[in-house]
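**Q** With the input below, show me the fold.
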Amino acid sequence: MNYKSGFLFAALLTSALLGNAQDRARSEAAKARAQEIVRQMSLDEKIAQVHGISDSIHYRYVPGLDRLGIPALVVTNGPAGVGPGATLSEATKSQAKATAFPAPIALAASWDLELARQYGFITGDETLALGNNLLEGPDVNLARVPQSGRVFEGYGEDPLLSARMAVANIQGLQSAGVLANVKHFVANDQETDRGTINGIVSERTLREVYLLPFEAAVREGRTASVMCAYPRVNGDYDCENLPLLRKMLKDEWGFDGFVTTDFFAAHSTVPSALAGMDLEMPSGIYYGDKLKKAIEDKQVPVAVLDEMLVRRFSKMIELGLFDSKPAVRPIPAFEHGAIARSIAAQSMVLLKNEGGILPLDREKIQKVVLIGSHAMHSITGGGGSSHVIPLYSVQPVDGIEAALRSQTMIKLLDGYDIPAAVKAAAKSNVAIVMVGDDEGEDHDHAITLPDEVNRLVEAVAAVNPHTVVVLKSGSAIVMPWIDKVPAVLEAWYPGEEDGDAVADVLLGKVNPSGKLPLTFPARVEDTQAANRDCYPGDGKIVHYCEGLNIGYRNYQTHGVKPLFPFGYGLSYTTFHLDDLRVKRSADGFVARVRVTNTGKRAGSEVAQLYLSYPSITEGAEPPHQLRSFQKVQLQPGETKEVVLAVDRRGLSWWSEKQHGWQLARGEFLIEVGDSSADTPLHASLAIK
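**A** Down below sits the predicted model:
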């Protein structure tokens, strides 16, 4: 280490230590103030503060207490922007409008932590602008099966990617002065029977896979709150699960925030209170009169009730919510819309580009036909509680028209009349077919498109060699026509700027740099849906049969080739990775690799590091696990060094015998590349 780098390291270390000390001091001061407030409250006042109220005026709302300066808790749904909330539009008395950002699954496809922070900050800022102070997000449930109805709300199938995106998003949210609410804790991985299903998950699988994003959200993101979920896990409902809430989340992880319920996810009074559930939403079925009686009967200690309040008040004080009420103000619609457009474009994944037909050359295009159900209107997001009513939206045809020259003829067809679509495609220079799925809360979905949609794609491609399929989906899609179309772009749910963002990529204004955050299977039978016991269960129990082998790990363990692998994504330029060097560090190891843009366009690449473990006494680890990644932007011909760090935790596994993390001993295989299926750079590391 030279003098300058050593000085910089010391400065950064001092800054980090000082920041941690300041955080601790602020937290302790907030806690002391909260305790003093709670000491002055009557029992009835305390009971009124541990549940929401639900009437003709309020929903997602806990009233304040003016006598002691306690502000109302005003909740709005997330995580794709400000969704249904307690605060209604003054003009219409309905859900307020906000910026409809691209779906979180799209954000995950960017593999860009700075974008995640920006996404969080803007959604937090709009939360306050609309008079709310808690946003229900991020959602870090993993895409265990691509059929799950809320895959679009999360960050994909890999626990590390989800953890990193969640931490950045929470940091952005809370830097805006809003309470983050990471959800749904835990194993809320399907919508089918979500209110009754009992997930049977091994301790090791829970710890290494499904709990990892939540742990990062708590320990690193310092999330203010956690939402407990509907299902049971290993027999106990999530919101009264003593081992998970009290013993692990609060005692082991040191979570100092508060636990809210998903709406109507509470099932008891005494067990929930003793397990660590702090706030019942949206009303007080169990935490109203029943909790008061339980306290009077000495079934629940007053100290437990006091803790519920201190936890919430402390976090609200830390974020300044006791000292300043959010001032309702206009949202800068087009300024925030421009950010949403940029994120959407950077999140799109180019899956196929045979013959380099993309980007489209507008100088050579006289006629374009735009076909399909998802071409008729902007796809602003998925359905259910996360749905955002956009301030405005850009239709696909308007975005394409604005990006092309005015003399270009554009024809718009819904595609239901396949012969008419074929006729128009045959007469056009380019045929753009926009199709996709329709995900939403309360139901799972098929990952196959309807037969007539598949026939439409094949028929159009048969008559036009310049057919581009734009997928607008919240999850993976099976593509029986993949060999018959030259270009496929996964645009996800692009948000309110759909038309412009898609056009930016198709016409080359933005070079696509997204990478898949989940595997696209070749067949439905290659997913957990092949075995009903594994998904969706029998209505009562679902077994997490795959154990540690979620997503791409399962495909590689069993030698099954997917349609498109996790981490995959093309570009309009080309990249080369070389010169992998690995060196032990005090807490693990650091890998360095050179990334060069070998093409003719500026673009971004994601260097991905995967790790294979040595032999484990309690059973093998999956052979290939993402352990580090970094996105880098390069000009043509430019080379940059990327640093990929893995700490001790990344070299460890969870022992069910010891009930703790164990450092694996032996030789690790380190692989670096640009997807889970393309890792040409190899090195080894021995841990003795």
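
**Q** make it CA atoms for all contacts and neighbour counts henceforth
**A** Noted.

**Q** The residue of the chain positioned farthest from its centre: what's it in contact with?
**A** Distance from the C-alpha centroid of the chain, by C-alpha atoms, centre = their mean, peaks at D297 (43.1 Å). If you count contacts by C-alpha atoms under 8 Å, 6 or more residues apart in numbering, D297 has none.

**Q** which SS class is the closest residue to P517 other than its chain neighbours?
**A** Nearest residue to P517, sequence neighbours excluded (C-alpha to C-alpha, 6 or more residues apart in numbering): G156, at 4.9 Å. Here G156 is recorded as coil under DSSP: H, G, I helix; E, B strand; the rest coil.

**Q** Would you mind measuring from G156 to E318?
**A** 31 Å (C-alpha to C-alpha, to the nearest Å).

**Q** now swap in A294 and tell me
**A** 31 Å.

**Q** Domain ranges for this protein, per the record?
**A** 39-318, 337-542, 573-687 (automatic domain parsing).

**Q** Tabulate these in JSON lines, adding columns for distance to Y552.
**A** Conversion of these to JSON lines gives the following (distance: least, C-alpha to C-alpha, whole Å):
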{"stretch": "domain 39-318", "distance to Y552": "8"}
{"stretch": "domain 337-542", "distance to Y552": "6"}
{"stretch": "domain 573-687", "distance to Y552": "7"}
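
**Q** could you point out which element follows the host helix or strand of K423?
**A** Per DSSP states H and E: K423 is located in helix 418-426. Downstream of helix 418-426, the first helix or strand assigned by DSSP H and E is strand 430-436.

**Q** what angle do that next one and helix 418-426 make?
**A** In terms of direction (axes from the mean of the first three to the mean of the last three C-alpha atoms, to 10 degrees), strand 430-436 departs from helix 418-426 by 140 degrees.

**Q** Using PDB, write out the CA atom coordinates for the helix or strand just after strand 430-436.
**A** Using DSSP H and E, the helix or strand that follows strand 430-436 in sequence is helix 451-463. The C-alpha trace of helix 451-463 is given here as PDB (Å, rounded to 0.1, in the frame of the first residue of the first chain):
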ATOM      1  CA  ASP A 451     -51.400 -20.300 -27.600                       C
ATOM      2  CA  GLU A 452     -52.800 -17.500 -29.800                       C
ATOM      3  CA  VAL A 453     -50.000 -15.200 -28.700                       C
ATOM      4  CA  ASN A 454     -47.300 -17.700 -29.500                       C
ATOM      5  CA  ARG A 455     -49.000 -18.300 -32.900                       C
ATOM      6  CA  LEU A 456     -49.000 -14.600 -33.600                       C
ATOM      7  CA  VAL A 457     -45.200 -14.300 -32.900                       C
ATOM      8  CA  GLU A 458     -44.400 -17.200 -35.100                       C
ATOM      9  CA  ALA A 459     -46.700 -16.000 -37.900                       C
ATOM     10  CA  VAL A 460     -45.200 -12.500 -38.000                       C
ATOM     11  CA  ALA A 461     -41.600 -13.800 -37.800                       C
ATOM     12  CA  ALA A 462     -42.400 -16.100 -40.800                       C
ATOM     13  CA  VAL A 463     -43.100 -13.200 -43.100                       C
END
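
**Q** Flag every buried residue along helix 451-463.
**A** For helix 451-463, the neighbour count (16 or more other C-alpha atoms under 10 Å) marks V453, N454, L456, V457, E458, A459, V460, A461, A462, V463 as buried.

**Q** Widest-spaced pair of these?
**A** V453 and V463 (16.0 Å; C-alpha to C-alpha).

**Q** pLDDT weak spots in the stretch 301-450 of the chain?
**A** Scanning the stretch 301-450 of the chain for pLDDT under 70 picks out no residues.

**Q** the strands in it, which residues?
**A** 349-353, 367-371, 409-413, 430-436 (DSSP state E, counting those that start in this stretch).

**Q** wait, which of those is closest to L391?
**A** strand 430-436 (23.3 Å).

**Q** So which elements touch the closest one?
**A** Secondary-structure packing of strand 430-436 (3 or more C-alpha pairs under 8 Å, 6 or more residues apart in numbering; DSSP states H and E): strand 367-371, helix 451-463, strand 467-472.

**Q** would you list the ones you listed in a markdown table and tack on distance to S54?
**A** Shown next, in a markdown table, are the helices and strands packed on strand 430-436 (distance: least, C-alpha to C-alpha, whole Å):
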| stretch | distance to S54 |
| --- | --- |
| strand 367-371 | 45 |
| helix 451-463 | 43 |
| strand 467-472 | 36 |
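
**Q** Select, out of these, the one closest to H682.
**A** Between H682 and those, the tightest spacing by C-alpha to C-alpha is seen for strand 467-472, at 34.1 Å.

**Q** From the contact counts, what lies against the closest one?
**A** Where contact means 3+ C-alpha pairs under 8 Å, 6+ apart, strand 467-472 is packed against strand 430-436, helix 451-463, strand 487-490.

**Q** Which secondary structure element is home to T260?
**A** Counting by DSSP H and E, T260 is found in strand 258-261.

**Q** typed the wrong thing, it's L115
**A** Here L115, judged by DSSP H and E, is contained in helix 113-129.

**Q** in that helix, what's buried?
**A** 113, 115-129.

**Q** could you measure the closest residue to G149 other than its chain neighbours against S162, distance?
**A** What sits nearest to G149 in space, not counting adjacent residues and going by C-alpha to C-alpha, 6+ apart, is D444, at 4.0 Å. Per C-alpha to C-alpha, D444 is found 21 Å from S162.

**Q** and what of L570?
**A** In terms of C-alpha to C-alpha, L570 sits 21 Å off from S162.

**Q** before we move on, the earlier item: who's more crowded, D444 and S162?
**A** Remark: of D444 and S162, S162 carries more neighbours, 29 against 20, as counted by other C-alpha atoms under 10 Å.

**Q** Could you find the closest non-adjacent residue to the more buried one?
**A** Y155 (5.1 Å).

**Q** what does the helix or strand hosting K293 contact?
**A** Assigned by DSSP H and E, K293 belongs to helix 289-296. The contact list for helix 289-296 (C-alpha under 8 Å, 6+ apart) reads L43, D44, I47, T269, V270, V300, P301, V302.

**Q** Kindly write the PyMOL command that selects the buried subset of these.
**A** A single PyMOL command is used to select the members of the contacts of helix 289-296 judged buried by 16+ other C-alpha under 10 Å:
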select buried, resi 47+269+270+300
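
**Q** A344 and D451, how far apart?
**A** For A344, the distance to D451 - C-alpha to C-alpha - is 28 Å.

**Q** And the furthest pair within the buried residues of helix 113-129?
**A** L113 and A129 (24.3 Å).

**Q** in the chain, which ranges drop under the pLDDT threshold?
**A** 1-19, 90-91.

**Q** The same query, at a cut-off of 80, please.
**A** Along the chain, the parts satisfying pLDDT under 80 run over 1-20, 56-57, 87-93, 405-407.

**Q** before we move on, the earlier item: tell me the helices and strands packed up against the helix or strand just after the helix holding L115.
**A** If you walk from helix 113-129 toward the C-terminus, the next helix or strand you reach (DSSP H and E) is strand 134-136. Identification of packing neighbours for strand 134-136 by 3+ C-alpha pairs under 8 Å, 6+ apart yields strand 73-77, helix 113-129, strand 179-185.
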